[in-house]
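A.B. asks: Test case, fold it:
(one chain, ligands or ions: 1)
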Amino acid sequence: MIEFEQVSKVYPSGQKALTQVDFALGSGEMAFLTGHSGAGKSTLLKLITVIERASAGRVIVNDYDVAKLKRKQVPYFRRNIGMIFQDHHLLMDKSVFDNVALPLIIEGYSMGDIKKRVAGALDMVGLFGKEKHLPIMLSGGERQRVGIARAVVNKPSLLLADEPTGNLDPKLSMDILKLFEILNDVGTSVLIATHDLGLIARMKYRTLTLKQGRMLGGEHD
Ligand SMILES: Nc1ncnc2c1ncn2[C@@H]1O[C@H](COP(=O)(O)OP(=O)(O)OP(=O)(O)O)[C@@H](O)[C@H]1O
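C.D. replies: Here you go, the predicted model:
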């Protein structure tokens with residue numbers, strides 16, 4: 001599903017973000033990615049989604065060697081990856097329905113299909129009935145769940161989350177992680193970048209640790 005072979009990333013400023021990183025995330029696996037601020041977590045996720053490209057090494061995602069993807073192939077490649085952000089990146093002037101429907105509209109689904117899938121995604125995150133609300137009318141945890149519904153509405157095989165619980169209290173954080181578990185149970189691969197060691201400790205998943213751009217060898221439960 002994801003394979004990094006000796007991957008390094010140096011930004012044009014000269015800043016080294018990742019150095020010779022090797023790791024693999026298998027199909028259907030769920031893992032945490034952790035490390036101090038500036039360790040390279042966001043950069044690693046950006047290499048997977050081809051927001052950034054590696055300076056050296058090989059990144060393979062869903063059987064694609066991403067270095068070989070042409071710029072115009074990237075949007076198609078990304079359809080199979082759901083992305084969740086700490087600050088949810090919702091369109092604040094659009095309803096919950098419109099926010100969640102966005103990936104399907106871009107992909108050209110029919111309105112009938114869109115309604116069915118959006119309803120299913122909102123049901124899964126416990127927001128059924130809130131389609132017409134604007135994000136401003138929702139709590140922080142609810143907004144985050146709208147972001148999750150949007151990320152999974154087109155049933156991607158891989159879900160990436162960058163500090164998805166950063167602004168949430170422990171109870172809400174746990175609720176969000178339980179949602180990831182539900183998605184993982186139906187076969188979605190999930191990689192969650194987080195600082196929240198307390199959260200990691202409470203879950204029994206593999207943990208990948210970055211330190212100053214290097215992946216530490218020992219993986220622990
Ligand atoms: N666009 C960029 N241009 C130059 N340097 C960058 C850029 N993005 C990140 N960096 C640098 O690369 C290093 C890794 O940053 P990255 O955002 O991947 O870390 P992180 O582990 O996600 O940190 P945080 O937990 O604080 O979000 C840092 O030194 C950062 O300053």
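
A.B. asks: quick one, what contacts the most centrally placed residue in the chain?
C.D. replies: Of all residues in the chain, the one closest to the mean position by CA atoms, centre = their mean is Leu160, 1.8 Å from it. By CB atoms under 8 Å, 6 or more residues apart in numbering, the contact set of Leu160 is 45, 48-49, 81-84, 190-191, 193. All C-beta atoms are positioned from the backbone trio N, CA, C, and that covers glycine.

A.B. asks: So it, which state does it fall into?
C.D. replies: Put simply, Leu160 is strand when judged by DSSP: H, G, I helix; E, B strand; the rest coil.

A.B. asks: Bridge partners for it, pull those for me.
C.D. replies: Beta bridges link Leu160 to Met83, Leu191 when assigned by DSSP bridges.

A.B. asks: how about the CA coordinates for the least confident helix or strand in the chain by mean pLDDT, as PDB?
C.D. replies: Using mean pLDDT, DSSP states H and E, helix 197-202 stands out as the lowest-scoring helix or strand of the chain, at a mean of 82. Extracted in PDB, the C-alpha atoms of helix 197-202 (Å, rounded to 0.1, in the frame of the first residue of the first chain):
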ATOM      1  CA  LEU A 197       1.400  10.100  23.000                       C
ATOM      2  CA  GLY A 198      -1.400   9.600  25.600                       C
ATOM      3  CA  LEU A 199      -3.800   8.600  22.800                       C
ATOM      4  CA  ILE A 200      -1.200   6.300  21.200                       C
ATOM      5  CA  ALA A 201      -0.600   4.600  24.500                       C
ATOM      6  CA  ARG A 202      -4.300   3.800  24.800                       C
END
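
A.B. asks: which residues make contact with the following helix or strand past it from outside it?
C.D. replies: Counting by DSSP states H and E, the next helix or strand C-terminal to helix 197-202 is strand 206-211. Outside of strand 206-211, the residues within contact range by CB under 8 Å, 6+ apart are 18, 21, 23, 29-36, 39-41, 44, 200, 215-216, 218-221.

A.B. asks: now swap in stretch 70-90 and tell me
C.D. replies: Here stretch 70-90 has contacts from 45, 48-50, 61-62, 64, 66, 69, 99, 103, 107, 135, 143-144, 146-148, 150-152, 154, 156-164, 166-167, 188, using CB under 8 Å, 6+ apart.

A.B. asks: would you say Glu142 is within a helix?
C.D. replies: Yes - Glu142 sits within a helix when classified using three-state DSSP.

A.B. asks: which ones are touching it?
C.D. replies: With contact taken as CB under 8 Å, 6+ apart, Glu142 is in contact with 127, 130.

A.B. asks: roughly how far apart are Thr209 and Gly217?
C.D. replies: As for Thr209, its distance to Gly217 is 9 Å (criterion: CB to CB, to the nearest Å).

A.B. asks: Neighbour count for these two, which is higher?
C.D. replies: Thr209 (19 against 7; other CB atoms under 10 Å).

A.B. asks: Now that one: closest residue in space, sequence neighbours ignored.
C.D. replies: Leu216 (4.4 Å; CB to CB, 6 or more residues apart in numbering).

A.B. asks: hmm, back to that, please list which of the contacts of strand 206-211 also come close to the ligand.
C.D. replies: The subset of the contacts of strand 206-211 within reach of the ligand, by CB under 6 Å from any ligand atom, is 35, 39-41.
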